[in-house]
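*Asks:* would you be able to build a 3D model of this:
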Amino acid sequence: MSFRQLVAALRQQSGLLAKRDIQPAAKVFPHLPFPQLGPAGMLGDDAALLPQQTGQLLLACEGMHPGLVDEDPWFAGWSGVLVNLSDIAAMGGRPLALVNSVWSEGPDGQEQLLAGMQFACDRFGVPMVGGHSNQHSPYRALSVAVMGVAEGPVLSARAARPSDELWMLVNQNGSFYRHYPFWDAATEASPASLCSHLSLLPALASAGVVHAAKDISMGGITGTAVMFSEACGHALSIDLDLVQRPDQVPEDAWLTCFPSFGFLLAVDPSYADRLKRMVQADADLICCRIGGFAEGSCQVRLERAGESECFWEGGLGLTGFGCGS
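*Replies:* You can find the predicted model right below:
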């Protein structure tokens, strides 16, 4: 092979040309997320540079449901950021930066995913600092990861105690998004409101008011309660008569939806009044006691008007990650 033939072949190397798949992301996300870091903090290096922190680092990742990615890519991009930020808040942390992986059949398949992510990054004030792009996939997919820091106590779900009360903290100012089981209290909210809510969990942790928490995930209130019980190894009961919800929202839909801002909290009864005082100024938030933890192995019971039914037996397992004892 001649020199010119070699150069021509190298120009057509698939590994080189595939790097053009990064261009759509480069057009969307700011190139200098942390100006104080200077050129070394610009996007495009092999890894993102983050400002030095004090505290314990937190790392979370979420893959978006393929059906949502195909049907509503903008909302999938938005949700990919939102759920990760909620996971960091649930641990009493503050988000630092996000990365993503986007797979599509071409550049058009990424446009709305990227737009949804950037909209969420702007609203929450958390930068997207890197990721991976592939425009030659037989399918479209999205995963997002976040790095955070807990500068105060970490709200591990395993810290719940048998004498704790179970509290629910949810933003009620929203509506269901299309036909999905998503309570959307975020896409129309102001950035100030979103950031204020996101900082509430670290504040509750630092004040010692809450010592264990779980982000209400796609399993809803009841499903998240099972994961909470599994993590701490204690029995957990929920009185459905105590679960407040917005007017006109069916009970089963509320118990099983994913709220934009929603957490289950383990609270020592002596801190209950202080918890109510810390959140009472925000009329958007529902903050109510809905049950409690008790001695015994992992189990979740649901109660109503004197009736009690076992919802989940601990021996069945769910995630496979138990209390470790």
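*Asks:* tell me where the model's unsure across this protein.
*Replies:* Applying pLDDT under 70 to the chain flags residues 315, 324-325.
*Asks:* ranges for the helices of it?
*Replies:* Taking DSSP state H, the helices of the chain run over residues 3-11, 14-17, 23-28, 66-71, 73-90, 108-124, 191-198, 200-206, 220-232, 251-256, 272-279.
*Asks:* need the contact partners of the second one.
*Replies:* For helix 14-17, the external contacting residues (C-beta atoms under 8 Å, 6 or more residues apart in numbering) are L10. Where you see a C-beta, it was placed from the backbone N, CA and C, and this is true even at glycine.
*Asks:* before we move on, back to that, what's the most buried one of the helices of the chain?
*Replies:* For these, average neighbour numbers computed from mean count of other C-beta atoms under 10 Å are highest in helix 73-90, which has a mean of 25.
*Asks:* packing partners of that helix?
*Replies:* The helices and strands touching helix 73-90, judged by 3 or more C-beta pairs under 8 Å, 6 or more residues apart in numbering; DSSP states H and E, are strand 56-63, helix 66-71, strand 94-103, helix 108-124, strand 141-150, helix 200-206, strand 212-215, strand 262-267.
*Asks:* how distant is the fifth one from the center of its chain?
*Replies:* With C-alpha atoms, centre = their mean, to the nearest Å as the basis, the distance from the averaged C-alpha position of strand 141-150 to the chain average is 8 Å.
*Asks:* partners of it in the sheet?
*Replies:* Sheet pairing of strand 141-150 (DSSP bridges) gives strand 56-63 (antiparallel), strand 94-103 (antiparallel).
*Asks:* for the shortest one, which positions count as buried?
*Replies:* So the one you mean is strand 56-63. For strand 56-63, the neighbour count (16 or more other C-beta atoms under 10 Å) marks 58, 60, 62 as buried.
*Asks:* CA atoms of that strand as PDB?
*Replies:* Extracted in PDB, the C-alpha atoms of strand 56-63 (Å, rounded to 0.1, in the frame of the first residue of the first chain):
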ATOM      1  CA  GLN A  56     -18.700  11.900  50.900                       C
ATOM      2  CA  LEU A  57     -19.200  11.200  47.200                       C
ATOM      3  CA  LEU A  58     -22.400   9.700  45.800                       C
ATOM      4  CA  LEU A  59     -22.800   8.000  42.400                       C
ATOM      5  CA  ALA A  60     -26.100   7.000  40.800                       C
ATOM      6  CA  CYS A  61     -27.200   5.800  37.400                       C
ATOM      7  CA  GLU A  62     -30.600   5.300  35.700                       C
ATOM      8  CA  GLY A  63     -31.500   3.600  32.400                       C
END
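*Asks:* mind listing what A266 touches?
*Replies:* Shown in contact with A266 (C-beta under 8 Å, 6+ apart): 157, 159-161, 164-167, 210-213, 228, 232, 293.
*Asks:* mark which of those residues are buried, thanks.
*Replies:* Burial by neighbour count, 16+ other C-beta under 10 Å: within the contacts of A266 this picks out 157, 159-160, 164-167, 210-213, 228, 232, 293.
*Asks:* coming back round to it: what's the closest of the strands paired with strand 141-150 to D122?
*Replies:* Of all the strands paired with strand 141-150, it is strand 94-103 that lies closest to D122, at 12.2 Å by C-beta to C-beta.
*Asks:* that closest one: how far from the chain's middle?
*Replies:* 11 Å.
*Asks:* and the angle from that strand to helix 108-124?
*Replies:* Orientation check (axes from the mean of the first three to the mean of the last three C-alpha atoms, to 10 degrees): strand 94-103 against helix 108-124 gives 170 degrees.
*Asks:* quick one, strand 94-103 and helix 191-198 angle?
*Replies:* Using the same axes, to 10 degrees, strand 94-103 lies at 110 degrees relative to helix 191-198.
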